[in-house]
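*Asks:* Here's a sequence, model it:
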Amino acid sequence: MQESGTSDTFSNNRVVVTEVTQSVNHNTSLQIKPMKFDGTSYLTWSKACMISIRGNKLAGYLTGKTICPKDEEGEENWLTEDALVMSWLLHSIERVLSPQYMMMDSAKDIWQAIARQYSERNNYAQAYEIRQKIRELKQGELSLPTCSSTMTYLWQQLDSYRTFRHTTASDDLLAFQSDIEKERVYDFCEREKGDNDLDVYFFIKRKVTYI
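*Replies:* Coordinates of the predicted model:
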């Protein structure tokens with residue numbers, strides 16, 4: 001069994017977890033998120049975690065798809081990689097929250113515990129806050145690309161809070177997307193009425209993908 005180790009470096013609220021290993025080929029520096037998870041913005045934090053950990057081909061330790069082997073060497077490798085993912089998760093959480101997860105047995109346990117605590121609790125409040133930002137956004141001094149980028153980002157955030165999830169195209173899906181599009185036209189109409197509003201809307205519409 002080849003040795004593996006980790007080292008942590010903290011600066012400006014950023015944690016860089018570096019891993020030295022010869023048995024597996026993972027990214028040598030992982031930055032899950034510049035700002036640590038503090039109990040808010042769960043969806044953004046969990047998405048950033050999944051992207052980073054999937055990039056290291058270790059997402060199965062979060063989902064439970066990577067099962068611990070029964071042979072001794074395989075089990076040791078599994079425990080090493082699972083501990084690495086646990087370390088990344090714990091270092092991406094504010095210190096005031098992380099102790100409650102320290103004694104858990106696996107990365108999957110930590111991941112699921114955080115999801116149970118935070119995935120539903122803040123959904124309504126955060127979705128409402130995003131909705132308000134969308135309603136209040138005006139092009140004003142913003143350039144068209146900047147307004148487009150901001151509005152698209154807010155829409156994508158709002159979409160991530162929707163309970164409806166589609167897997168295949170259907171008439172229901174097309175109707176659902178049409179309703180969302182109408183909703184967003186209404187958002188523009190409710191804002192400051194200007195000659196450029198519809199131009200901005202259709203510019204943004206070309207960029208939007210439904211989550």
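*Asks:* contacts, neighbours, all on C-alpha from now
*Replies:* Noted.
*Asks:* Now stretch 132-139: buried residues?
*Replies:* 134-135, 137-139 (16 or more other C-alpha atoms under 10 Å).
*Asks:* of these, closest to Ser52?
*Replies:* The shortest approach to Ser52 among the buried residues of stretch 132-139 belongs to Ile134, at 28.5 Å (C-alpha to C-alpha).
*Asks:* just checking, that closest one touches Thr152?
*Replies:* No - taking C-alpha atoms under 8 Å as the definition, Ile134 is not a contact partner of Thr152, at 9.7 Å.
*Asks:* For the buried residues of stretch 132-139, point out the one with the lowest pLDDT.
*Replies:* The lowest pLDDT within the buried residues of stretch 132-139 belongs to Gln139, with 65.
*Asks:* which ones among the buried residues of stretch 132-139 are found in helices?
*Replies:* With helices identified by DSSP state H, the entries of the buried residues of stretch 132-139 that belong to them are 134-135.
*Asks:* which residue packs closest to Thr66, ignoring adjacent ones?
*Replies:* Take Thr66 and drop its neighbours on the chain: the residue closest to it by C-alpha to C-alpha, 6 or more residues apart in numbering is Gly60, 4.6 Å away.
*Asks:* Can you tell me how far Gln126 is from His91?
*Replies:* Note on Gln126: its distance to His91, by C-alpha to C-alpha, to the nearest Å, is 24 Å.
*Asks:* scratch that, Leu58 is what I was asking about
*Replies:* Counting by C-alpha to C-alpha, the gap between Leu58 and His91 amounts to 16 Å.
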